[in-house]
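S.K.: dropping the sequence and predicted coords here.
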Amino acid sequence: MTDSPLLIADHDAVRVVTVNRSDKLNALNAATLDALHEAFEAIAAEPAVRVAVLTGAGPKAFVAGADIAEMSGLSAIQGRDFSQRGQRTMRRIETLPKPVIAMVNGFALGGGLELAMACHLRIAADSARLGQPEVNLGLIPGFGGTQRLLRLAGRAAALELCLLGAPIDAARAHQLGLVNRVVAAAELEAETMKLATQLAAAAPLALRGVLDCVNHGGECGIEEGLAYETAQFGLAFSTEDMREGTAAFLEKRRPAFRNR
């Protein structure tokens, strides 16, 4: 659709989803949240797509936050609904059975950081800035920021970013565990696509098993998490990809995984 707030492009088995509102620093309004939800529903349903990359258009921002102009006039009920809309989108990305990489090319603030944290891996340009500045607007994070910060970086970091509302640079975000890698801005796209291509060549069902185990285990006790991992490990033995992977190892060749 020509009026879509997203740009979508396929590079073999990697789908790149770009929030395309550069004039608004890619701010998330209701239409963009809905478009992202639909885009990742489609990724989940398409076997040919094995990995997703999520980024923002233009040189300044990944996503600079939720759309303040749209939020400013909301009632309490409408604000709750907007939060639920955002959380639905973030959860769709987080629970996707395929790896999602956030390519953080600039500001990732408020809803932008929440969007990045919903992805499975985050690669940031060394010029990126990340933060949860909602307190400066008399608000709190509404798309899962308090909860995912707590789980990714711990209580101290979650309180620091949410209470102070000040952005941090990419190096500090890496130190806190919010991003996996920091690279020079000029190398960001190449490094992200290199990682995405590597993941796209891996066994899709094994990747799904890892994602399921981490998502499930992060919300339960150790015994339940270990039992879930054991069940997923056993299930992997029923796949053709497991047979291919072990045979390729023994035969000293590259495996050809077929998602079966």
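M.R.: Yes, it's here.

S.K.: please make it C-alpha for all contacts and neighbour counts, starting now.
M.R.: Noted.

S.K.: could you report the separation of residue 19 from residue 36?
M.R.: Using CA to CA, to the nearest Å, residue 19 is found at 8 Å from residue 36.

S.K.: what of residue 215?
M.R.: Residue 215 is 20 Å from residue 36, by CA to CA.

S.K.: now do residue 24
M.R.: Residue 24 sits 16 Å away from residue 36, going by CA to CA.

S.K.: quick one: which of those two has more around it?
M.R.: Neighbours were counted for residue 24 and for residue 36 using other CA atoms under 10 Å; residue 36 has more, 24 against 13.

S.K.: okay, and the more buried one sits in which element?
M.R.: In the assignment (DSSP states H and E), residue 36 maps to helix 30-45.

S.K.: and that helix, what does it pack against?
M.R.: Contact analysis of helix 30-45 by 3 or more CA pairs under 8 Å, 6 or more residues apart in numbering; DSSP states H and E lists strand 6-11, strand 14-19, helix 76-94 as its packing neighbours.

S.K.: who wins for proximity to residue 117 among the ones you listed?
M.R.: helix 76-94 (8.4 Å; CA to CA).

S.K.: got the CA positions of the helix or strand that that closest one is followed by in PDB?
M.R.: Next in sequence after helix 76-94, counting helices and strands by DSSP H and E, comes strand 100-104. What follows is the C-alpha trace of strand 100-104 in PDB, where atoms were taken according to Å, rounded to 0.1, in the frame of the first residue of the first chain:
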ATOM      1  CA  VAL A 100      14.000 -10.500  14.900                       C
ATOM      2  CA  ILE A 101      17.000  -8.100  14.800                       C
ATOM      3  CA  ALA A 102      16.600  -4.500  15.700                       C
ATOM      4  CA  MET A 103      18.900  -2.300  13.600                       C
ATOM      5  CA  VAL A 104      19.100   0.800  15.900                       C
END
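
S.K.: name the helices or strands packed onto strand 100-104?
M.R.: Other elements packing on strand 100-104 under the criterion 3+ CA pairs under 8 Å, 6+ apart are strand 51-56, strand 61-63, strand 121-125, helix 188-200.

S.K.: mean neighbour count and distance to residue 241 for those - can I get that in CSV?
M.R.: Formatted as CSV, the helices and strands packed on strand 100-104 follow (neighbours: other CA atoms under 10 Å; distance: least, CA to CA, whole Å):
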stretch, mean neighbour count, distance to residue 241
strand 51-56, 26, 17
strand 61-63, 31, 35
strand 121-125, 24, 24
helix 188-200, 18, 14
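
S.K.: so can I have a markdown table of the ones you listed showing mean pLDDT and distance to residue 31?
M.R.: Formatted as a markdown table, the helices and strands packed on strand 100-104 follow (pLDDT from 0 to 100; distance: least, CA to CA, whole Å):
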| stretch | mean pLDDT | distance to residue 31 |
| --- | --- | --- |
| strand 51-56 | 98 | 16 |
| strand 61-63 | 97 | 14 |
| strand 121-125 | 98 | 24 |
| helix 188-200 | 98 | 26 |
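
S.K.: need the ones you listed in a markdown table (columns: distance to residue 219).
M.R.: A markdown table is the format used below for these (distance: least, CA to CA, whole Å):
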| stretch | distance to residue 219 |
| --- | --- |
| strand 51-56 | 24 |
| strand 61-63 | 27 |
| strand 121-125 | 19 |
| helix 188-200 | 25 |
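
S.K.: between those, which one is closest to residue 235.
M.R.: Of all the helices and strands packed on strand 100-104, helix 188-200 sits nearest to residue 235, with 20.6 Å by CA to CA.

S.K.: any idea of the angle the closest one forms with strand 51-56?
M.R.: Relative orientation of helix 188-200 versus strand 51-56 (axes from the mean of the first three to the mean of the last three CA atoms, to 10 degrees): 160 degrees.

S.K.: now find how far off-centre helix 188-200 is within its chain.
M.R.: On the basis of CA atoms, centre = their mean, to the nearest Å, helix 188-200 sits 14 Å off its chain's mean C-alpha point.
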